[in-house]
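Visitor: fold the stuff below for me.
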Amino acid sequence: MKQKLEYNLIYAGLLKQDLIIALCLFVDAFLIRFAFLLAADNFYGQEPMLNIITGLHILTNPALSQNVFYQQLPLFLYSLAGAVKLGSEQIISARFLIVVTGSLSVISYYYLIKKIFNRKIGLLSGVLLYSYYQHIIMSVVTMPDIIALGFLFLCLGKVFERKYFSAAVFGLIACGYSYLAWLVIPVIAVSIFLEQPRNSQSKLLNEFLFLGISCLFPLWWNYVVDKQYGQGWLWYKNFHNPDSLYTFLFLAGKSLRQILASLFLQPETMLFCLSFIGMFFSLKKKKQLKYILSIVFLIFLLSLNIFRKEILILDQGLLFVSALLIPYLIQGVFSLLKICGLKHKKYGLLLIISICLLSLIVGFYKIPKVPFSVKEASCWLKENASADSLIYLRNQPEGYHSVITMESGLPQVNFHYLTADSPSLETQEKPEYLVLPFAEQVNADQNKWEQLAVLTGYLIYQRKD
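Guide: The predicted model follows:
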């Protein structure tokens, strides 16, 4: 009875300690991300603003967007739409949602690493993750990466606890937020197979339970998209075309080299190398060996280019892989210092703090910013165009047109984007304004337009008739 009481007291103390650590990690992560939120624009190419545009329309028009290239998964779009509605139609409320979920993902990551390694590695990994510049940047723009990562960390954590039903539910939610989760689910299924005892009678049952629940959303969404746009719309054509096997394998090899190069060519190149040292010293541990094999399998799946090129998951995949490598980076630091005969605890902590500071500096250097000329064009339209003005806007590869659309405060249906495939300006519709980059001018023969304003980076025309 006395031993049981002592055990309960120890367990309660450890649980309380975990809660304090988790709270501290969340507060630190939130403060850093909130500071970046105040300094950064909602810009990472055209995707963040287009996500909000689509999210705003999904409440009034739940049907699939006519442009599936920019169509994110519905759970993410409904989350953005709900945040914007609750925040009185302010874009900042959607970004604040991502900041909070990004901070919460650090907690789920800490518990995951603590289960696989130990509390010390979990704590240091959490600190490194909330300092990792790519995780910070993805936490201040309206993209699905961070929300999906949080649920995937929870899913993996439940797998290592052998709570497969909970893992399947978290995996199902992650699949509703990001296409990356569709690739991670098979990896987790393999982990479940390896994690269970060899002669376990429930081995296949647990596999079917996990895959049966977590794959419900991908199967349903694939059916909906195929019905709307035709069979195989989400998938890269060479993936299911036997005649293109050579092309498929060639592109897969090229993509694999690109992934490895992206991991090595980060500002923390030496740190990535240190993670390999940590892996080498962890190969003897069975649980960590399975974890390493899962990372390798995920990199292999990312290289296959399963989805069509418009579905961008490479950056999400690299972020997820980098997060999974962090505990090995820590082990590599301590192992290398120990080999060199240095006080690995003292110097290891100093080195990890230096890594965190370096990553934060890189983050401030890479902070997402929109050029002044784009903001100037947005302000001009906001001040001069009316709520029913039809506006033609040049579609720019950098994605600035999406920023002008949202920052102008005008209804999104007022904007028609001109691309290389767009029809001539001589259409039956009569737009009131035409916004073109400064380097592009309306042909002199088109006398129906007159130049109205010359801005820093844009020319604005008004139709004469």
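
Visitor: does Ser125 touch Pro327 like I think?
Guide: Yes - Ser125 is within contact range of Pro327, at 4.8 Å (criterion: C-beta atoms under 8 Å). No exception for glycine: its C-beta is placed from N, CA and C like everyone else's.

Visitor: shared neighbours, these two?
Guide: Overlap between the neighbourhoods of Ser125 and Pro327 consists of 113, 117, taking contacts as C-beta atoms under 8 Å, 6 or more residues apart in numbering.

Visitor: show me the strands paired with the strand or helix carrying Leu434, marking each as parallel or antiparallel.
Guide: Element membership for Leu434, per DSSP states H and E: strand 433-437. Partners of strand 433-437 in the sheet, by DSSP bridges, are strand 391-394 (parallel), strand 458-463 (antiparallel).

Visitor: okay if I get these as a markdown table plus mean pLDDT?
Guide: As requested, the strands paired with strand 433-437 are arranged in a markdown table below (pLDDT from 0 to 100):
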| stretch | mean pLDDT |
| --- | --- |
| strand 391-394 | 83 |
| strand 458-463 | 83 |
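
Visitor: any chance of these in a markdown table with distance to Phe208 as columns?
Guide: Output for those, formatted as a markdown table (distance: least, C-beta to C-beta, whole Å):
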| stretch | distance to Phe208 |
| --- | --- |
| strand 391-394 | 50 |
| strand 458-463 | 57 |
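
Visitor: so which of those strands gets nearest Val413?
Guide: Put simply, out of the strands paired with strand 433-437 the one that sits nearest Val413 is strand 391-394, at 10.4 Å, with distance taken as C-beta to C-beta.

Visitor: what residues does the closest one touch?
Guide: Contacts with strand 391-394, where a contact means C-beta under 8 Å, 6+ apart, come from 381, 385, 401, 404-405, 410, 414-418, 425, 431-437, 440.

Visitor: buried ones among those?
Guide: Using 16 or more other C-beta atoms under 10 Å as the burial test, the contacts of strand 391-394 include 381, 385, 401, 404-405, 410, 414-415, 418, 425, 431, 433-436 as buried.

Visitor: min pLDDT across those, which one?
Guide: When these are compared on pLDDT, Leu425 comes out least confident, at 54.

Visitor: let's see which of the contacts of strand 391-394 end up in strands.
Guide: Secondary-structure check on these using DSSP state E: residues within strands are 415-418, 433-437.

Visitor: closest to Ala323 out of those?
Guide: Proximity of the ones in strands among the contacts of strand 391-394 to Ala323 was ranked by C-beta to C-beta; the top entry is Tyr417 with 35.2 Å.

Visitor: which SS state does Lys369 fall under?
Guide: Of the three states, Lys369 takes coil under DSSP: H, G, I helix; E, B strand; the rest coil.

Visitor: and it, what does it touch?
Guide: 40-41, 43.

Visitor: for these, pick the one with the most neighbours.
Guide: Using other C-beta atoms under 10 Å as the contact criterion, the top neighbour count among the contacts of Lys369 goes to Ala40, which has 23 neighbours.

Visitor: do I have it right that that one meets Ile367?
Guide: Yes - checked against C-beta under 8 Å, the pair Ala40 and Ile367 is within contact range at 4.9 Å.

Visitor: thinking again about what came up before, widest-spaced pair of the buried ones among the contacts of strand 391-394?
Guide: Between all members of these, the longest pairwise span (C-beta to C-beta) is found for Leu410 and Leu425 and amounts to 19.9 Å.

Visitor: helices of the stretch 51-200 of the chain, start to end?
Guide: According to DSSP state H, counting those that start in this stretch, the stretch 51-200 of the chain carries its helices in the segments 74-86, 91-116, 119-131, 133-138, 145-160, 164-175, 180-195.
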